[in-house]
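# pasting the structure only:
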């Protein structure tokens, strides 16, 4: 029978029919007798193979090529679970061959991601669009103006005050001046009601100017000036650090210096009632140098230090209150004219003498040696 097979074209269909009918197929052919050259091209068809007849062990490596498989012949049921491993896949798999799925960011090494796949927006967890940038700076609080050499709303505190036009008791403002020296020239920083001005410290924020008579800073009622230094210098007119005209500002933790001109005044009050707390005043000069000068005014001076040719001078009318403060002068520490009442408590007077034409009352007043002294 082996000789007959070598001489003729054997079809699988014929072999299958004969083997099934006679039961002699397996026994009549020697192992390895039917080789590939003995089978005509196209002789072995899909329908000619009985189910399960060709097992994995019957197929030599590489024998089944793409050309040997009919279109659609390998369906999902024909592939065992786990049979297609990474080693069995050569080359990339096109995106359209893969169903919808997700990837970790580390899995994406090249190409682009469609914008529809990205959470574009301006909130947390979103991606900024190409024409948008997120503002990572904290939002500025309402009713705050920041003055700084760079990075603020303004570089000049006068511009910041001028920009505020709607301040009120229901809408107060704060002008925050960052560290630096701000030269105002001959201009005056005019305060406004319901607008506080705050520096970053007496040693770090300095307002410098030479505005004659009008002062480097002009106070306002219902407003506070704090945590900065005011420096007044010049050669023309009267040099004034802070001028309060018909105003009652609060001035706290402020250093004031004044020198030059025809006369120098640390704080000049005209029909004013300011409250000075923790204020340091230094005025250069002698008989024309005044720490606090009052005309028709009633200031309150608390926990402050005044060094000048003349300390606190008061004329015409008003009540001046000095508590817990020190006044050091070369001429007159306290002067109270007719019509003025000066009340002094727990304060130190050194250098010059107090003088009064009006009313002066002292409690706990002492000199440089901590000896009690009268105010007259």
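Looks like it arrived, so ask away. The structure displayed is predicted, hence computed values, not measured ones.
# only C-alpha atoms from now on, for both contacts and neighbour counts.
Noted.
# how about the strands in the stretch 201-350 of the chain?
With DSSP state E, counting those that start in this stretch, the ranges of strands along the stretch 201-350 of the chain come out as 205-209, 217-218, 224-234, 238-245, 250-260, 263-270, 275-283, 289-295, 300-302, 305-315, 318-323, 326-336, 340-345, 348-356.
# of all these, which lies closest to residue 121?
strand 205-209 (40.5 Å; Cα to Cα).
# report the rounded mean pLDDT for that closest one.
For strand 205-209, mean pLDDT is 98.
# and residue 161, what element?
Residue 161 belongs to helix 157-162 when assigned by DSSP states H and E.
# ok, back up a step: got TSV for the strands of the stretch 201-350 of the chain, with mean neighbour count too?
Shown next, in TSV, are the strands of the stretch 201-350 of the chain (neighbours: other Cα atoms under 10 Å):
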stretch	mean neighbour count
strand 205-209	24
strand 217-218	24
strand 224-234	24
strand 238-245	28
strand 250-260	24
strand 263-270	27
strand 275-283	23
strand 289-295	25
strand 300-302	20
strand 305-315	26
strand 318-323	21
strand 326-336	24
strand 340-345	21
strand 348-356	20
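# of all those, which one is nearest residue 194?
strand 224-234 (8.5 Å).
# by contact count, what packs against that closest one?
strand 195-198, strand 205-209, strand 238-245, strand 250-260 (3 or more Cα pairs under 8 Å, 6 or more residues apart in numbering; DSSP states H and E).
# nearest to residue 150, out of these?
strand 205-209 (14.2 Å).
# what helices and strands are in contact with the closest one?
Packed against strand 205-209, as judged by 3+ Cα pairs under 8 Å, 6+ apart, are the following elements: strand 180-185, strand 224-234.
# mean pLDDT and distance to residue 160 added to those strands, as JSON lines?
Shown next, in JSON lines, are those (pLDDT from 0 to 100; distance: least, Cα to Cα, whole Å):
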{"stretch": "strand 180-185", "mean pLDDT": "98", "distance to residue 160": "13"}
{"stretch": "strand 224-234", "mean pLDDT": "97", "distance to residue 160": "14"}
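# those into a markdown table, with extra columns for distance to residue 258?
A markdown table is the format used below for the helices and strands packed on strand 205-209 (distance: least, Cα to Cα, whole Å):
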| stretch | distance to residue 258 |
| --- | --- |
| strand 180-185 | 14 |
| strand 224-234 | 5 |
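# sorry, back to before: least reliable of the strands of the stretch 201-350 of the chain going by mean pLDDT?
strand 348-356 (a mean of 93).
# switch the helices and strands packed on strand 224-234 over to a markdown table; also include distance to residue 161.
Formatted as a markdown table, the helices and strands packed on strand 224-234 follow (distance: least, Cα to Cα, whole Å):
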| stretch | distance to residue 161 |
| --- | --- |
| strand 195-198 | 8 |
| strand 205-209 | 14 |
| strand 238-245 | 16 |
| strand 250-260 | 17 |
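# residue 348: which of those strands is closest?
Nearest of these (Cα to Cα): strand 250-260, 19.0 Å.
# give me the angle between that closest one and strand 205-209.
50 degrees (axes from the mean of the first three to the mean of the last three Cα atoms, to 10 degrees).
# mind listing what strand 250-260 pairs with, with the direction of each?
Next to strand 250-260 in the sheet, as set by DSSP bridges, lie strand 224-234 (parallel), strand 275-283 (parallel).
# closest one to residue 183 among those?
Nearest of those to residue 183, taken as Cα to Cα: strand 224-234 at 9.4 Å.
# could you point out which of the strands of the stretch 201-350 of the chain sits nearest residue 195?
strand 224-234 (7.4 Å).
# tell me how far the closest one is from the chain's mean position?
What separates the centre of strand 224-234 from the centre of its chain is 28 Å, taken as Cα atoms, centre = their mean, to the nearest Å.
# got the angle between that strand and strand 180-185?
On the basis of the same axes, to 10 degrees, strand 224-234 is oriented at 60 degrees to strand 180-185.
# show me the contact partners of strand 224-234.
195-212, 215-217, 239-242, 249-261 (Cα atoms under 8 Å, 6 or more residues apart in numbering).
# so what pLDDT did residue 89 get?
At residue 89, pLDDT is 75.
# start at 470, not 1
New numbering, starting at 470: the last item is residue 558.
# that older thread, could you dump the strands paired with strand 719-729 into TSV and include distance to residue 633?
Conversion of the strands paired with strand 719-729 to TSV gives the following (distance: least, Cα to Cα, whole Å):
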stretch	distance to residue 633
strand 693-703	16
strand 744-752	24
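# of those, which is nearest residue 519?
strand 693-703 (99.8 Å).
# tilt between the closest one and strand 732-739?
Using the same axes, to 10 degrees: strand 693-703 against strand 732-739 is 150 degrees.
# what's the domain layout of the protein?
According to automatic domain parsing, the chain comprises the domains 471-566, 613-832.
# okay if I get these as TSV plus distance to residue 595?
Listed next are the domains of the chain as TSV, based on distance: least, Cα to Cα, whole Å:
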stretch	distance to residue 595
domain 471-566	26
domain 613-832	27
